[in-house]
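*Asks:* Below is the structure, and that's it, no one-letter string:
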Ligand code: TRP
């Protein structure tokens, strides 16, 4: 019946507009794969609240922003189910059961969580929900029987955790109820920030958002970090670790010319202004149509909310089915 290759579940926290890092790490793949796979996209508001409980309005306001970004890049709600995490309470129930399968020590070892704890200064005030969000993410994935999860490489520890939970559950209850998911990395699985730091993120202020205006993109490109040793045009410059070249690698369709530019830059004689000008052209060409589509969808917020509502209803049916099987397997389906 299902001629699709498999099931995708992936998603984002609604904490801000999506940026180029999301785009190359996952969004482009979602658009490319949505006709081959049954695809679910979760807007993870519960996860966003694990470190924003004091700012619920931020999550509320970004819900529609994130969905506008999805529609703008070409995610088609006719084939992709977009839904709200907190309105599928089956996910919360699954999370509670999975909590018994994971030790606190295991959660504390998660490298991404560790890094995020340090970033947020949570050392002494770590919310329990934050520590446990990888379990909740495993519930998101396994509730849909997803075998494929297109994500950036920062999410690999979450996928490992989800696989472990599925394996532990199946082994403990001697069943085959949960599917072990695989991460699907894109060829550019992480984009550095405009400041040259390893990861682009809104909170670090080093991101170019998909919805940024031409003027904002121009400003951000102008201020981009390059090679601090490249002082004069005639000096030889470094390509590695240089975000302008990292972005050109990710977006410039003319790879032959790009190779020439890299050699020229390394040899000396190619100024930062010139490579930034090329990057600006490339980014404006890529983001222009996205920004236009976004504007069109933004005119009709009722339609966007309707997509979410219908997606959430459809997602709930699927998650409820998995929950039923989980309850049956754990012998807590008392009334059959
Ligand atoms: N942790 C992901 C992020 O920060 C968001 C997310 C929540 C997710 N649930 C998911 C990603 C399930 C993939 C699958 O971007």
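*Replies:* Done, it's in. What you are looking at is a predicted structure, and each value in this text was computed from that prediction instead of being measured.
*Asks:* So which bits of the protein are right by the ligand?
*Replies:* 9-13, 42, 44, 47, 137, 140-141, 149, 151, 155, 158 (Cβ under 6 Å from any ligand atom). In this view, the C-beta of every residue, glycine as well, is placed from N, C-alpha and C.
*Asks:* Now intersect these with the helices, please.
*Replies:* Filtering those for membership in helices, criterion DSSP state H, returns 47, 137, 140, 141, 158.
*Asks:* Quick one: those as CSV, columns for pLDDT and neighbour count too.
*Replies:* Below are those laid out as CSV (pLDDT from 0 to 100; neighbours: other Cβ atoms under 10 Å):
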residue, pLDDT, neighbour count
47, 98, 25
137, 98, 26
140, 98, 28
141, 98, 31
158, 98, 24
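*Asks:* what two of these are the furthest from one another?
*Replies:* 47 and 141 (12.2 Å; Cβ to Cβ).
*Asks:* hang on, residue 162 in a helix?
*Replies:* Yes. Applying DSSP: H, G, I helix; E, B strand; the rest coil, one finds residue 162 inside a helix.
*Asks:* give me every residue that touches the closest residue in space to it that isn't next to it in sequence.
*Replies:* In space, residue 162 comes closest to residue 138 once its chain neighbours are excluded; the distance is 3.8 Å by Cβ to Cβ, 6 or more residues apart in numbering. Going by Cβ atoms under 8 Å, 6 or more residues apart in numbering, residue 138 touches 95, 98, 158, 161, 162, 165, 166.
*Asks:* What number of neighbouring residues does the second one come out with?
*Replies:* Residue 98 is flanked by 24 other residues according to other Cβ atoms under 10 Å.
*Asks:* where does the closest residue to residue 76 other than its chain neighbours sit relative to residue 282, distance-wise?
*Replies:* Spatial nearest neighbour of residue 76, chain neighbours left out: residue 34 (6.2 Å); criterion: Cβ to Cβ, 6+ apart. Separation of residue 34 from residue 282 (Cβ to Cβ, to the nearest Å) stands at 25 Å.
*Asks:* With residue 160 instead?
*Replies:* 35 Å.
*Asks:* now for the worst-scoring helix or strand of the chain on mean pLDDT, which elements pack on it?
*Replies:* Counting by mean pLDDT, DSSP states H and E, the weakest-scoring helix or strand in the chain turns out to be helix 111-120, with a mean of 92. Under the contact criterion of 3 or more Cβ pairs under 8 Å, 6 or more residues apart in numbering; DSSP states H and E, helix 111-120 touches helix 128-131, helix 156-172.
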